[in-house]
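Peer 1: Give me a 3D structure for the following:
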Amino acid sequence: MELELPLVFFTVFTQMAVGGFIFLWWLGNRVPVLSLTGTGGSGAGHRPERPLLVLAGVQGLALVLSLFHLGQPLAAYRALAHLDTSWLSREVVLTSMFFASLAACALLEGYRRLTAAPWLTALLGVLAVVASGLVYMLPARPAWNNLWPVFSFGMTAWVGGMALGAFLLQGMPVTAGYQPAGGTVPVAAASEGGPGTLLTAPAGGEAGPLPNAIRQLLLAGLAVSLGATILYLSTLTGGGPEARATLGNIISAPLFWLRVVLGWLLPGLLLLRPRTDNRSKAVLLLVLVVLGELLGRAVFYGTVVPMGINQGF
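Peer 2: Sure, this is the predicted structure:
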């Protein structure tokens, strides 16, 4: 099994950075004191650049690791030569533009405060994830020649990005300079079923337990990811010999079953347990999700059977 480790890390880390940015941006819109623009009345104590720097670091690491996939890393610029016809070239450009905009958000307060900055950053990130998935929609790889690469990459952004964002949320001072009556930050109802909060924290403290709304979104992402994977594998049974051989490779791969346990079952159990949302549990959740996504991507690259080859590697 050829794991293509540089591509594994590049794609997973990129998608996590994209998902993490969108998650924290969305949360900041609902909790003004957590705004990534730093304009939500948070005062001097709120440092939105801190989580942004982590996300930019993750994305920068992804770009560096991608160079190890090239036979000649110094010739990486050649990937830009076919923007009109190559999704690979578009992926490189869009990912680089996302990184540039994300880094600017982290380092340049003037840019971060622009209304268009988070919109542009999120758009570039989404387009980069889509372009990355379209790279693998190849007739020469029947098991990939569908929407599965785009969808599965998007699920990594959802689950991995939220896990990363939830981890970063644990260290964000949410009430410095913004302390309404009661010493908490009130937010909209967590669900339609009744009142609740997306986030509360003691005055001057840090974000505490993961609220129900965020836990439910993470659980939903895990469920959708697992369910979609089962559905995808079932479609391979009705495909050609290469698709069926790919299915055989997947279900016989120990890494796939390790991915099932580490990437779906254990994170799900962790989120279902009451009061499992303190800092240590957020770290454990992130580790499990990252390991699961990396294992899943390694299986993605290592089990596919090219056209004309009716057996696994």
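
Peer 1: Touching, residue 244 and residue 237? I think so.
Peer 2: Yes: Residue 244 is in contact with residue 237 according to CB atoms under 8 Å; the separation is 6.6 Å. The way it works is simple: take the backbone N, C-alpha and C, and place the C-beta from them, glycine included.

Peer 1: Around residue 2, count how many other residues there are.
Peer 2: Residue 2: 10 surrounding residues under other CB atoms under 10 Å.

Peer 1: more neighbours, residue 244 and residue 237?
Peer 2: residue 244 (17 against 9).

Peer 1: How about the contacts made by the more buried one?
Peer 2: By CB atoms under 8 Å, 6 or more residues apart in numbering, the residues touching residue 244 are 236-237.

Peer 1: Look up which helix or strand it falls in, please.
Peer 2: helix 241-251 (DSSP states H and E).

Peer 1: following that helix, which helix or strand comes up?
Peer 2: Next along from helix 241-251, by DSSP H and E: helix 254-259.

Peer 1: and that next one, how far out from the chain's middle?
Peer 2: Here helix 254-259 is found 20 Å from its chain centre; the criterion is CA atoms, centre = their mean, to the nearest Å.

Peer 1: helices and strands around that helix, which ones?
Peer 2: Contacting helix 254-259 under the criterion 3 or more CB pairs under 8 Å, 6 or more residues apart in numbering; DSSP states H and E are the following elements: helix 279-303.

Peer 1: Residue 91: what's it in contact with?
Peer 2: 128, 131-132, 134-135.

Peer 1: re the thing from before, which neighbours do residue 244 and residue 237 have in common?
Peer 2: By CB under 8 Å, 6+ apart, no residue touches both residue 244 and residue 237.

Peer 1: The nearest residue to residue 303 once chain neighbours are set aside: how many residues sit nearby?
Peer 2: Distance criterion CB to CB, 6 or more residues apart in numbering; nearest residue to residue 303, sequence neighbours excluded, is residue 249 at 3.7 Å. Counted by other CB under 10 Å, the residues lying close to residue 249 total 20.

Peer 1: for residue 307, helix, strand, or coil?
Peer 2: coil (DSSP: H, G, I helix; E, B strand; the rest coil).

Peer 1: my guess is it meets residue 145, correct?
Peer 2: No: here residue 307 does not reach residue 145: they are 9.2 Å apart, not a contact under CB under 8 Å.

Peer 1: and these two? which has more neighbours close in?
Peer 2: Remark: of residue 307 and residue 145, residue 145 carries more neighbours, 17 against 14, as counted by other CB under 10 Å.
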